[in-house]
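Peer 1: test case, fold it:
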Amino acid sequence: MITLIIIVFLALAFDYINGFHDAANSIATVVSTRVLTPRQAVAWAAFFNFVAFLVFGLHVATTIGKGLVHPDVVDLTVIGSGLIAAIIWNLFTWWRGIPSSSSHTMIGGFVGAAITKAGWHSIFYDVVIKTILFIFAAPIIGIITALVFSIIVLHLCKNFAPHKVDRYFRKLQLLSSAAYSLGHGANDAQKMMGIIFVALVAAGHHKISDSIPFWVVVSCQAAIALGTLSGGWRIVKTMGQKITKLRPFEGFSAETAGAVTLFTTAMFGIPVSTTHTITGCIIGSGITKRLSAVRWKVTLDLIWAWVLTIPVSAVLAAGIYWFITTYFHSL
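Peer 2: Model prediction:
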């Protein structure tokens, strides 16, 4: 029972870290365009992060909880090893100001620990491959969607004075930021719901066919909202200023495109990276000015971090699993 409590604590700690690590995803555009102050922005995003479970089903949680690793392989040591590895990588990338994917570090950790325990046959390859493909697909979808939104907005506003366009879209950004935060809460909080549910199954408290308990849903949504409220200022600077400079209508286009992408993937249960998605949307909105408006060197550095996240997290988790089972036998 104590081990299970530790696992639940680690999962909620990861959700909290995920919140302040990924706060930049929800607030970078609305802060960089000065629509809201940083404190106002995190409060706004945190609220919509929390209420996301009232809007969406638990499709992503189900994918993580029931479709990533074979149930007979999962035990509390595997789960704990994956969570510790994911927390280490998340804190490292936050410290370096790198907007890496909290989703992918968690998936990498979980998969790495499972493979170390039972070999390569222990994972569902179709789910893992789909997740890896979306490392590249999510930002590309974000770029295209944001580019289309930006072009439409530019066409609709071509006869308006710039100061009027700016004023209107400063207000509309409140709506687009709220929508994006809903999508972020629906995707990222649900991933830890799936992990806690797997831990409950491994400990014998639930069957894999059961529904995810309500207390798990609320606690995960609350943890990610509290994390967002804490703010991840190191990464906000990267997302809001270093990739490209956004005007209010570009911020609106980026957030709206991101929200549409996350709503769609959440409904289909695809655990995409909200970080990759919003980065692509910011790039798509930025290139409507000109290609050189995007700082491509910064973008290339981010892509390297994205590619490394799953394998580094998997190796970390493998090492942690080996250490625990060698020196402590089991959790």
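Peer 1: hey, let's count contacts and neighbours off CA atoms from now on
Peer 2: Noted.
Peer 1: what about the stretch 201-331 of the chain, any weak spots by pLDDT?
Peer 2: 231-245, 269-271, 292-293, 329-331 (pLDDT under 70).
Peer 1: and the strands in it?
Peer 2: Counting by DSSP state E, counting those that start in this stretch, one finds no strands in the stretch 201-331 of the chain.
Peer 1: next one, pLDDT for residue 123 please.
Peer 2: Among the per-residue scores, residue 123 holds a pLDDT of 86.
Peer 1: ok, now how distant is it from residue 12?
Peer 2: 24 Å (C-alpha to C-alpha, to the nearest Å).
Peer 1: more neighbours, the two?
Peer 2: A count of neighbours by other C-alpha atoms under 10 Å puts residue 12 above the other of residue 123 and residue 12, at 24 against 21.
Peer 1: assign that one to helix, strand or coil.
Peer 2: Using DSSP: H, G, I helix; E, B strand; the rest coil, the structure places residue 12 in helix.
Peer 1: please tell me I have it right and it contacts residue 219.
Peer 2: Yes. Residue 12 lies in contact with residue 219 (C-alpha atoms under 8 Å); the separation is 7.5 Å.
Peer 1: show me what contacts the residue nearest in space to the middle of the chain?
Peer 2: For the chain, the residue nearest the mean C-alpha position is residue 274 (4.1 Å; C-alpha atoms, centre = their mean). Contact analysis of residue 274 by C-alpha atoms under 8 Å, 6 or more residues apart in numbering lists 25, 101, 184, 187-188, 262.
Peer 1: now for those, which pair is the farthest apart?
Peer 2: Pairwise distances across the contacts of residue 274 (C-alpha to C-alpha) peak at 14.2 Å, for the pair 101 and 262.
Peer 1: how close does the nearest residue in space to residue 321 that is not next to it in sequence get to residue 315?
Peer 2: Spatial nearest neighbour of residue 321, chain neighbours left out: residue 81 (5.3 Å); criterion: C-alpha to C-alpha, 6 or more residues apart in numbering. From residue 81 over to residue 315 the distance is 11 Å, taken as C-alpha to C-alpha.
Peer 1: what about the helices in the stretch 151-300 of the chain?
Peer 2: Using DSSP state H, counting those that start in this stretch, the helices of the stretch 151-300 of the chain run over residues 162-184, 190-202, 214-230, 233-237, 248-267, 274-286, 296-327.
Peer 1: now do the third one: distance to the chain's middle.
Peer 2: The offset between the C-alpha centroid of helix 214-230 and the centroid of the whole chain comes to 14 Å, using C-alpha atoms, centre = their mean, to the nearest Å.
Peer 1: what residues does that helix touch?
Peer 2: 12-13, 15-23, 39, 42-43, 45-47, 49-53, 185, 189-190, 192-193, 196-197.
Peer 1: tell me the buried residues in that helix?
Peer 2: 216-217, 219-230 (16 or more other C-alpha atoms under 10 Å).
Peer 1: okay, it in CSV with CA atoms only?
Peer 2: C-alpha atoms of helix 214-230 as CSV (Å, rounded to 0.1, in the frame of the first residue of the first chain):
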residue,chain,number,x,y,z
PHE,A,214,-13.2,10.0,-10.4
TRP,A,215,-10.7,10.9,-7.7
VAL,A,216,-7.9,10.2,-10.1
VAL,A,217,-9.4,12.5,-12.7
VAL,A,218,-9.9,15.4,-10.4
SER,A,219,-6.5,15.1,-8.7
CYS,A,220,-4.6,15.0,-12.0
GLN,A,221,-6.5,18.0,-13.3
ALA,A,222,-5.8,19.9,-10.1
ALA,A,223,-2.1,19.0,-10.1
ILE,A,224,-1.5,20.2,-13.7
ALA,A,225,-3.6,23.4,-13.0
LEU,A,226,-1.5,24.2,-9.9
GLY,A,227,1.6,23.6,-11.9
THR,A,228,0.5,25.9,-14.6
LEU,A,229,-0.4,28.5,-11.9
SER,A,230,3.3,28.3,-10.8
